[in-house]
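*Asks:* Quick one, what's the 3D model for this:
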Amino acid sequence: MTRAFDLRLPEPERRRAAGLAAGWRDLLYVPGSSFSSPLDAGLYRSNFVIVPADGCAVRVSSFVVPAFGAELCRLRLEPLVSFRLDNLGSFFEPSRKGVVYAMSADRKGTVARPPDRQEWSYGGPPLGPRLERVDRVRLIRERVTGGAGDGAFSWVADRGLALTGAGGEESLLLAVPETSEQSTCLPALGLYRALLDPAAPETPGATVKELLGYGDREESFQIEVKIELLSAAC
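*Replies:* Model prediction:
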C-alpha cells in the first residue's frame, strides 16, 4: 500500500493566499545572517510579513514536518495582529533595515543593533512599483510519487505562491524544508521560472527537483508541479 502525506493549504490559509491579490502597503522581513547568500543571488530567506492596504497583515513562513526519511514542507500563511515595525526590514523602502540581536558586552543579555553586514538586509531596488498592486496569485503545488510495493510513497504539498504585479512582473514566495521559521522570496524568478513554465529550459544544477530542495535525495521519485490560479472568492 502506498504511504501518502497531504500538505495542502488548509482552507483558511487558502483564502488568505487568494486575498493577497490586492493592494500592498509593504513587504517586510526579519534581517539576519541567513537572509541572503552570494551563492543564491536574488533569493532571500526570512520570516516575511505582507502588509496589505486593507485588512490584517499576513506572516509567511514554512510548515515543516518529517516524513519518509526527510523533511517535507508547505507554505504557511498566518494572520499577524501586531508586530514591531522598527524591528523589521522593508523591501518597499530598502533604507529601513530593521534590527538584529547580539549578545551584550557583559554576555548577560542581548542588545538590538542595525544589521551591519550587507548580506543581512535587502539592498536592491524598492519593490513597491512591482508589488504595491498584486493582480494575480497562483498556487504552486507539488505531487511526488516514488518507491514500489510496500515501500511506495507519495505526497502533495502547496509549496509556494507566484505573484503577478500590475505591471506584469512576477515574484515568488516558496516554502523551504530547512526551518519552519523561514521561507524564501524571489523578487525576480530567474532560474525558478522552471517551476511555473514547463517549457522553460532546465539548467544543470537547477532542475525542478533541485529548486524544490530534493537534489540530495538518492531514491528515485517523480515530481509533478501544478499551477493553480487562486480566486478571491475561493
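
*Asks:* quick one: residue 39 and residue 206, what's the gap?
*Replies:* Residue 39 sits 12 Å away from residue 206, taking CB to CB, to the nearest Å as the criterion. From N, CA and C alone the C-beta is placed, and that goes for glycine too.

*Asks:* Give me the more crowded residue out of the two.
*Replies:* residue 206 (14 against 6; other CB atoms under 10 Å).

*Asks:* Spit out the contact partners of that one.
*Replies:* Counting by CB atoms under 8 Å, 6 or more residues apart in numbering, residue 206 touches 191, 194.

*Asks:* residue contacts, residue 8?
*Replies:* Contacts of residue 8 by CB under 8 Å, 6+ apart are 74, 141, 156, 157, 158.

*Asks:* hmm, I was thinking of residue 228
*Replies:* Taking CB under 8 Å, 6+ apart, one finds 138, 139, 141 in contact with residue 228.

*Asks:* wait, which of the contacts of residue 8 is closest to residue 192?
*Replies:* Nearest to residue 192 among the contacts of residue 8 is residue 141, at 15.3 Å by CB to CB.

*Asks:* I'd like the mean pLDDT over the top helix by length along the chain, please.
*Replies:* The residue-count maximum for a helix in the chain (DSSP state H) belongs to helix 11-18. Predicted confidence along helix 11-18 averages 97 (mean pLDDT).

*Asks:* repeat for stretch 85-100
*Replies:* Summarised as a single mean, pLDDT over stretch 85-100 is 94.

*Asks:* After the lowest-mean-pLDDT helix or strand in the chain, which helix or strand is next?
*Replies:* The weakest-scoring helix or strand in the chain, judged by mean pLDDT, DSSP states H and E, is strand 110-113 (a mean of 71). Later in the chain than strand 110-113, the nearest helix or strand by DSSP states H and E is helix 128-131.

*Asks:* which helices and strands does that following helix pack with?
*Replies:* strand 153-165 (3 or more CB pairs under 8 Å, 6 or more residues apart in numbering; DSSP states H and E).

*Asks:* partner strands of whichever helix or strand comes after the strand it packs on, parallel or antiparallel?
*Replies:* Next helix or strand after strand 153-165 toward the C-terminus (DSSP H and E): strand 170-175. Paired with strand 170-175 in the same sheet, following DSSP bridges, are strand 153-165 (antiparallel), strand 183-186 (antiparallel).

*Asks:* What's the mean pLDDT across the shortest one?
*Replies:* Strand 183-186 shows an average pLDDT of 96 in the prediction.

*Asks:* count of neighbours near residue 185?
*Replies:* For residue 185, the count of nearby residues is 23 (other CB under 10 Å).

*Asks:* and what of the one 3 residues further on?
*Replies:* Around residue 188 there are 15 other residues, counting by other CB under 10 Å.

*Asks:* tell me the contacts of it?
*Replies:* 42, 169, 170, 171 are the contacts of residue 188 under CB under 8 Å, 6+ apart.

*Asks:* on that earlier part again, out of the contacts of residue 8, which are buried?
*Replies:* With neighbours counted using 16 or more other CB atoms under 10 Å, these contain these buried positions: 74, 141, 156, 157, 158.

*Asks:* Go through the helix or strand that the first one is a member of and flag the buried ones.
*Replies:* Yep, that's residue 74 we're talking about. Take DSSP H and E as the rule and residue 74 turns out to sit in strand 70-80. Residues of strand 70-80 classed as buried: 71, 72, 73, 74, 75, 76, 77 (neighbour count, 16+ other CB under 10 Å).
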